[in-house]
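next come a sequence and a model predicted from it.
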Amino acid sequence: MTEPTIELDGIGKEYRGGKRALDDLTLHLRPGLTGLLGPNGAGKSSLMRILATVTRPTRGSYRYRGVDALAAPDQVRRELGYLPQDFGVYPNLTAREFLAYLAAAKGLSARSARDRIDQLIELVNLTEAVRRPLRGYSGGMLRRVGIAQALLADPKVLVVDEPTAGLDPEERVRLRNLLGELAADRIVLLSTHIVSDVEATAADLAVLAHGRLLRRGTPDQLLRELDGQVWETVVAPAEVPAVQARYQVGRAVRTADGVRLRVLAGHPPTPDAVNVAPDLEDAYLTAVYGAPAWPEALR
């Protein structure tokens, strides 16, 4: 079978009262991990629900393997695993019982379901907890159960919405690495508002805000756009508001000498500012809040 492809073109989504969640969004996906970055309320969850065929767009087209997925959603449903942001479980069931229930709902035979569940429990590192009721699981363990249920039918497309929400740092790293491994031979779309969730694993990044796709590219492409435009400077605490009013400030850290600021600007924001290499958080802030400020003479 040929590799899976997703083509979203001109997607719009409006809710009652005229609230616009997505506006003329075009996004084409191939196998690999794509990180969908955006602030809360950007429209990420609406996009994920459309991809999972849980909801329909108000306008636009959605094609999977070249077939209209809005008119004929069965194929994408068979080949897609979905972990929504709010993932519910039956708290009195064990992980194995819960996954067996979902496998039956997906049409897997009892024997193939047992083998697949054994594989997934080991994959998501839940072997020691598999006999415990889900009510005793931590948030990170429940997210791993969510990943396992999304993988039950060995999907060609995996859509995960804010998968690291509520996880501790160790669990975040484990889950990011797992998603990176899974992306070797399938489309993985990871939605998050946390840059560190995707900077080490995503080969493709898309930035969404106010329902619109603002930027798309590889991490290297996004970083090159900011060469020479990121600065660090130390100012007195009283001077911080003036710098923030004029420039986009990414980070502010209090030190013994004052407040160290990371500033996006097309020129040195202070006489002693030092040019530093950009990172993906800088690229994300630029995409969402605008390009660095340039002096009047260079505009």
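Cool, got the structure. Keep in mind that what you see is a predicted model, and the values were worked out from it rather than measured.

where do the helices of the chain begin and end?
Taking DSSP state H as the criterion, the chain carries its helices at 44-51, 74-79, 95-105, 110-123, 139-150, 169-182, 219-224, 240-246, 280-289.

quick one, which of those is nearest to T201?
Closest to T201 of the helices of the chain, according to CB to CB: helix 169-182, at 3.7 Å. For every residue, glycine as well, the C-beta is placed using N, CA and C.

what comes into contact with the closest one?
Helix 169-182 is contacted by residues 33, 123-125, 138, 140, 143-144, 147, 151, 158, 160, 163-164, 167, 188, 190, 196-198, 200-201 when judged by CB atoms under 8 Å, 6 or more residues apart in numbering.

again with stretch 49-64
Contacts of stretch 49-64 (CB under 8 Å, 6+ apart): 4-14, 22, 24-25, 46, 68-70, 73, 75-77, 79-80, 82, 84, 157, 159, 189.

apply 6 Å and report the result again.
For stretch 49-64, contacts defined as CB atoms under 6 Å, 6 or more residues apart in numbering pick out 6-14, 69-70, 73, 76-77, 82, 159.

quick check: the two most widely separated of those residues?
So, those by CB to CB: farthest apart are E14 and R77, at 23.9 Å.

residues in contact with the residue lying closest to D257 once chain neighbours are set aside?
Spatially, and ignoring its direct neighbours in sequence, D257 is nearest to V234 (5.3 Å; CB to CB, 6 or more residues apart in numbering). V234 makes contact with 257-258, 260, according to CB under 6 Å, 6+ apart.

about what we covered before: could the helices of the chain be laid out in JSON lines, adding mean neighbour count and distance to G18?
Formatted as JSON lines, the helices of the chain follow (neighbours: other CB atoms under 10 Å; distance: least, CB to CB, whole Å):
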{"stretch": "helix 44-51", "mean neighbour count": "24", "distance to G18": "15"}
{"stretch": "helix 74-79", "mean neighbour count": "16", "distance to G18": "29"}
{"stretch": "helix 95-105", "mean neighbour count": "18", "distance to G18": "36"}
{"stretch": "helix 110-123", "mean neighbour count": "15", "distance to G18": "42"}
{"stretch": "helix 139-150", "mean neighbour count": "22", "distance to G18": "33"}
{"stretch": "helix 169-182", "mean neighbour count": "17", "distance to G18": "35"}
{"stretch": "helix 219-224", "mean neighbour count": "15", "distance to G18": "33"}
{"stretch": "helix 240-246", "mean neighbour count": "13", "distance to G18": "33"}
{"stretch": "helix 280-289", "mean neighbour count": "21", "distance to G18": "23"}
